[in-house]
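In: structure for the following, please:
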Amino acid sequence: MNQDDRTIRVFLLDDHEIVRRGLRELLEPQGDILVVGEASTAEEALSRVPSTRPDVAVLDVRLAEGSGIEVCRSLRAAHPEVRTLILTSFADNDALVAAVLAGASGFLLKQIRGTDLVSAIRRVASGESLLDPSQTAEIIDRFSGKREDERIARLTPQERRILTLIAEGKTNRQIGEEIFLAEKTVKNYVSNLLAKMGFSRRTEAAVYATRLSSDETGC
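Out: As a prediction, the model looks like this:
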């Protein structure tokens, strides 16, 4: 948190204006929370965060353009002082795993009560993590295989691209929009790459790809 005052500076990312407005109207009357910026796309968020200097970024997982997971990962790399809270409408295990791997401090459903969200922001701003440490360790360790190069080598270039997008938390529809394929075609690609890698769920492939990327970059 900023040292010059006790106000928690919050940045909002959601592609629905009414959601951002509702969050702002919930947070600002608290007195110790100030919404310093907002965005509707991943690109906007990454360009605006540096100048607004938030303590906490509240990020929606699914965006019309980009992904909150992608923003979380980028912020944790470039601005590690910014704590991140992932907010989603669905109890999605794939997104939870991706959020953990991206370095999020918390993963919350939008059905959460307003008072609980305010509390979560305060806790995260103070340095707490809302994620169970044992659960986080289990997620990371469960899929830490040693045959990474061999598994990736089985994939075609297109399948590797899709695997990267899966690791970024993108849905089949979002992947299709990004690489100009029909959603059904993407689904077939995903099924094929899971079979080649020996996985039964996209969660496993996402974690595997994220860990491989981290190992390669030394992060």
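In: contacts, neighbours, all on C-alpha from now
Out: Fine.
In: and stretch 124-134, what's buried?
Out: Residues 124-125, 129-130 are the ones in stretch 124-134 that count as buried (16 or more other Cα atoms under 10 Å).
In: apologies, that question was intended for stretch 23-42.
Out: In terms of neighbour count (16+ other Cα under 10 Å), stretch 23-42 has its buried residues at 23-24, 27, 33-42.
In: for Ala104, grab the count of nearby residues.
Out: 26 (other Cα atoms under 10 Å).
In: ok, the one 4 residues further on next?
Out: Residues contacting Leu108 under the criterion other Cα under 10 Å number 21.
In: for the nearest residue to it once chain neighbours are set aside, give me phi and psi.
Out: Excluding its sequence neighbours, the residue lying closest to Leu108 (Cα to Cα, 6 or more residues apart in numbering) is Leu87, at 5.0 Å. The phi and psi values for Leu87, taken as degrees, to the nearest 10, are phi -120, psi 130.
In: my guess is Leu87 contacts Gln111. True?
Out: No - Leu87 lies out of contact with Gln111 (Cα atoms under 8 Å); the separation is 9.5 Å.
In: these two: which is more packed in?
Out: For Leu87 versus Gln111, neighbours defined as other Cα under 10 Å are more numerous around Leu87 (22 against 11).
In: show me what that one bridges to in the sheet.
Out: Asp60, Leu108 (DSSP bridges).
In: tell me the pLDDT of it.
Out: Per-residue pLDDT puts Leu87 at 88.
In: how about it, what does it touch?
Out: When the contact criterion is Cα atoms under 8 Å, 6 or more residues apart in numbering, the partners of Leu87 are 58-61, 107-110.
In: mind checking how far the residue nearest to Leu108 is from Ile162?
Out: The gap separating Leu87 from Ile162 is 24 Å, by Cα to Cα, to the nearest Å.
In: now swap in Leu101 and tell me
Out: Separation of Leu101 from Ile162 (Cα to Cα) stands at 18 Å.
In: any idea which element the most centrally placed residue in the chain lies in?
Out: For the chain, the residue sitting closest to the mean C-alpha position, by Cα atoms, centre = their mean, is Ile69 at 1.9 Å. Using DSSP states H and E, Ile69 maps to helix 68-78.
In: what lies in contact with that helix?
Out: By Cα under 8 Å, 6+ apart, the residues outside helix 68-78 that reach it are 13, 42, 45-46, 59-62, 82-84, 86, 95, 98-99, 102-104, 168-169.
In: how about stretch 16-34?
Out: Against stretch 16-34 from outside (Cα under 8 Å, 6+ apart): 6-10, 12-14, 35, 38, 40, 114, 118.
In: just the buried residues of those.
Out: Among the contacts of stretch 16-34, those classed as buried by 16+ other Cα under 10 Å are 7-10, 12-14, 35, 38, 40.
In: and stretch 112-132, average pLDDT?
Out: 90.
In: so which helix or strand of the chain has the lowest pLDDT on average?
Out: One helix or strand of the chain scores below all others by mean pLDDT, DSSP states H and E: helix 133-142, with a mean of 58.
In: now Ser105: how far from Arg21?
Out: If you measure Ser105 against Arg21 using Cα to Cα, the figure is 23 Å.
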